[in-house]
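Enquirer: Sharing a sequence plus its predicted fold:
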Amino acid sequence: MNAWFEALGRRFAETARKQGVEIAQPELDPQVAEEVLELARVAAHSKERRFAPLACFMAGVAVERLRQAGSLSPVAEAAYLRAIHEALEHEEDR
């Protein structure tokens, strides 16, 4: 996505390695990133601003569990996250 996130991905992998665990360097697909940002926006505006980072963390956990259950493409991951933030947004409109 951009150099800062690429460096952050390397840092996650390097820090895991220092703890004795090998992980693939996390990558951030631009479509998935956009949906995570939308989820953060909805969480921050519909509940409390401080919920946004935790909502994004939960999204990451959920997407990883989907990956473990079966292979998902970044397009499918983005659609999954879009469905979540749109449902939350719709709840606020009521």
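Expert: Received, thanks.

Enquirer: Can you name the residues in contact with whichever strand or helix holds A83?
Expert: Counting by DSSP states H and E, the element that carries A83 is helix 74-93. Outside helix 74-93, the residues that touch it by C-beta atoms under 8 Å, 6 or more residues apart in numbering are 29, 31-32, 34-36, 38-39, 41-43, 45-46, 59, 62-63, 66, 72. Every residue, glycine included, has its C-beta placed from N, CA and C.

Enquirer: same thing with stretch 18-33?
Expert: 1, 5-6, 8-10, 12-13, 16-17, 63, 74-75, 77-78, 81.

Enquirer: Output the lowest mean pLDDT helix or strand found in the protein.
Expert: helix 74-93 (a mean of 90; mean pLDDT, DSSP states H and E).

Enquirer: Same question for that helix: list its buried residues.
Expert: Using 16 or more other C-beta atoms under 10 Å as the test for burial, helix 74-93 gives P74, A76, E77, A78, Y80, L81, R82, I84, H85, L88.

Enquirer: Please report how far the most centrally placed residue in the chain lies from N2.
Expert: Centre of the chain computed as the mean C-alpha position; nearest residue by C-alpha atoms, centre = their mean is G60, 4.0 Å away. Between G60 and N2 the computed distance is 18 Å (C-beta to C-beta, to the nearest Å).

Enquirer: cool, A62 as well?
Expert: On the measure of C-beta to C-beta, A62 and N2 end up 24 Å apart.

Enquirer: Those two: who's more crowded?
Expert: More neighbours surround A62 than the other of A62 and N2, with 14 against 10 (other C-beta atoms under 10 Å).

Enquirer: Next up, identify which helix or strand that one is on.
Expert: Per DSSP H and E, A62 falls inside helix 51-69.

Enquirer: count of neighbours near L39?
Expert: When neighbours are defined as other C-beta under 10 Å, L39 has 22 of them.

Enquirer: do D29 as well
Expert: Residues lying near D29 (other C-beta under 10 Å) number 15.
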